[in-house]
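Participant: heads up, no residue letters with this:
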């Protein structure tokens, strides 16, 4: 885990994001997706990439971060399965795929200089 002064805040914001993903995945009427073909897949990909990248700002690449990625993949699969059990949402395999690709993109981006975003932000807040 990175040495962050506001670690609790950053973790809380990350878990709030996860909670929002769960909430919007299970409510009967989520916000309308982008109005172009496969717009909802782009939303799935972006949200899961952002969620994984956020935790990449907090965790160094390694076992804990990898386990988090696996957990997010499982979460995306389970949420889609639950949607299929409701009478107001539908399960889509392409959504599962978009979620997983998004997580992979976030995981890869967290291996770049982007991963130091919160560290850099905190260093600027100290001055």
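Facilitator: Nice, I can see it. Remember, predicted model here, so these are calculated numbers, not experimental data.
Participant: if I look at residue 72, how far off is residue 53?
Facilitator: In this structure, residue 72 and residue 53 are 11 Å apart, going by Cβ to Cβ, to the nearest Å. Quick note: C-beta positions are derived from backbone N, CA and C, even for glycine.
Participant: okay, and the helix or strand of this structure with the least pLDDT?
Facilitator: In the chain, the helix or strand scored least confidently by mean pLDDT, DSSP states H and E is helix 117-126, which has a mean of 92.
Participant: Quick one: distance of that one to the chain centre.
Facilitator: 22 Å (Cα atoms, centre = their mean, to the nearest Å).
Participant: Sort out which residues of that helix are buried, please.
Facilitator: The neighbour-count check on helix 117-126 (16 or more other Cβ atoms under 10 Å) flags 118, 122 as buried.
Participant: swap in stretch 35-46?
Facilitator: Here stretch 35-46 shows 40, 41, 43, 44, 45 as buried, counting by 16+ other Cβ under 10 Å.
Participant: OK, contacts around the residue nearest the centre of the chain?
Facilitator: Among the residues of the chain, the one closest to the centroid is residue 51, at 2.2 Å (Cα atoms, centre = their mean). By Cβ atoms under 8 Å, 6 or more residues apart in numbering, the contact set of residue 51 is 14, 17, 18, 21, 72, 102, 103, 106.
Participant: ok, which pair from those is furthest apart?
Facilitator: The most widely separated members of the contacts of residue 51, counting by Cβ to Cβ, are 14 and 102 (15.2 Å).
Participant: Name the residue in these two with the higher neighbour count.
Facilitator: residue 102 (26 against 17; other Cβ atoms under 10 Å).
Participant: can you tell me which residues contact the more buried one?
Facilitator: 44, 45, 46, 47, 48, 49, 50, 51, 52.
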